[in-house]
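**Student:** sequence first, then the predicted structure, then my questions.
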Amino acid sequence: MSVDQRIEQLRSTLSLEVGRLTSYDDVEALRVRFLGKKGLLAELMVFLKESGPEQRPLMGEKINSFKQEVTGHLDRLSSSWKAKERSSLLEKEAVDPTLPGRQSYLGRAHPIQSMLQTVLDILISMGFSIQLGPDVDTDYYNFEGLNFSPDHPARDMQDTFYLNQGFLLRTHTSNTQVHVLKSHAPPVRVVAPGRCFRNEDISSRSHVFFHQVEGFYVDHKVSFADLLGTMDYFLKRLLGSETKTRFRPSYFPFVEPGLEVDVMCRACHEKGCRLCKQTGWLEILGAGMIHPSVLLAAKIDPEAYTGYAWGLGIERLTLLEHGIPDIRMLTENDLRFLSQFP
Ligand SMILES: [Zn+2]
């Protein structure tokens, strides 16, 4: 084969390979294959070695000019691939100013906390002061001091989480009442907000923990009429001045008499609907005159002092206020749910 034929062969190999290029790196690999130390063009030197001295200058010139041709060709390919890759990288990293910005979220109060705060604000403005009691307490403060004797059947109404060494998780915020009455001489006018725990099945209507606001007032001559007036005023402040209230007799060991307070269903205005189970009324809190045994246990003379107390469930109020169908939604911490509350 002559040097001309070999050069022609290499030229067509090169053009075939150029058609298969897919990246800048491919161009550089091709450069090594053709122009590297042991590349295809280096092999052309064999022709030079084997030629006679009169042919040698012409042959050298041919090989050289082919080498320049290949180098120039690869240089052009190299720079065009480099430019192509850079522009596609820019495209990938490009900023599209028409896209909407990433949203950042402001923290906000949980619906339970906002309801709790609303309730406390009203009660504080009515002259009550806040006292906190412990979540973990003894049987005495949760039951016995509230007129639940050890075998009292009403204990079964409150399934209790018992802990070690005689401790339990309080089943109501009424334990605070015992703490305060034992340590403060009347008059006392206190609200005690907090978490309560009951060992119940979790359903759409009940949970193992919930929030209550306990309130109580002990002084000379505190009357049943004071209790009714206070509850009526408080519920009108909370739910609107047109709110009607209804009082029904009920039983709790730590009050006598005991009552349950209903408010007119705001969804149907007494006509009856699914929310109020067709009754037109919603049960909202339990209350009563503090039982003389509770006062005696706290060393307060029930002949000289009387008092009233009530307990209000915050979860139930929150569900009613926002029309939330399931109490479990309040504890799932789903942002899609929580972000609906301003
Ligand atoms: Zn209704």
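**Tutor:** Structure's in. What do you need?

**Student:** what's the residue lying farthest from the centre of the chain in contact with, if anything?
**Tutor:** Distance from the centre of the chain peaks at Glu54, with 90.6 Å (Cα atoms, centre = their mean). For Glu54, no contacting residues are found, by Cβ atoms under 8 Å, 6 or more residues apart in numbering. All C-beta spots, glycine's among them, are computed from the backbone N, C-alpha and C.

**Student:** need the three-state assignment for the residue lying closest to Val263 once chain neighbours are set aside.
**Tutor:** Setting aside the residues directly before and after it, Val263 is nearest to Ile284 in space (Cβ to Cβ, 6 or more residues apart in numbering), at 5.1 Å. Three-state call for Ile284 (DSSP: H, G, I helix; E, B strand; the rest coil): strand.

**Student:** how much space separates Ile284 from Leu312?
**Tutor:** Going from Ile284 to Leu312 by Cβ to Cβ, to the nearest Å gives 7 Å.

**Student:** go on, Phe234?
**Tutor:** 9 Å.

**Student:** higher neighbour count, the two?
**Tutor:** Here Phe234 and Leu312 are compared on neighbour count by other Cβ atoms under 10 Å; more neighbours surround Leu312, at 26 against 21.

**Student:** phi, psi of that one?
**Tutor:** With angles defined as degrees, to the nearest 10, Leu312 sits at phi -120, psi 130.

**Student:** now swap in Leu169 and tell me
**Tutor:** Backbone phi and psi, for Leu169 under degrees, to the nearest 10, turn out to be phi -90, psi 130.

**Student:** how near is it to the ion?
**Tutor:** Separation of Leu169 from the ion (Cβ to the ion, to the nearest Å): 34 Å.

**Student:** for burial, what's the neighbour tally of the residue nearest to that residue when sequence neighbours are not counted?
**Tutor:** Spatially, and ignoring its direct neighbours in sequence, Leu169 is nearest to Phe197 (3.8 Å; Cβ to Cβ, 6+ apart). Using other Cβ under 10 Å, Phe197 has 20 neighbouring residues.

**Student:** so Phe197 versus Val191, what's the distance?
**Tutor:** 20 Å.

**Student:** any low-confidence regions in the stretch 201-342 of the chain?
**Tutor:** In the prediction, the stretch 201-342 of the chain carries no residues with pLDDT under 70.

**Student:** now the helices: where do they sit in it?
**Tutor:** Ranges of helices in the stretch 201-342 of the chain, per DSSP state H, counting those that start in this stretch, are 224-239, 292-297, 314-322, 335-338.

**Student:** tell me which of the ones you listed sits most buried.
**Tutor:** helix 314-322 (a mean of 20; mean count of other Cβ atoms under 10 Å).
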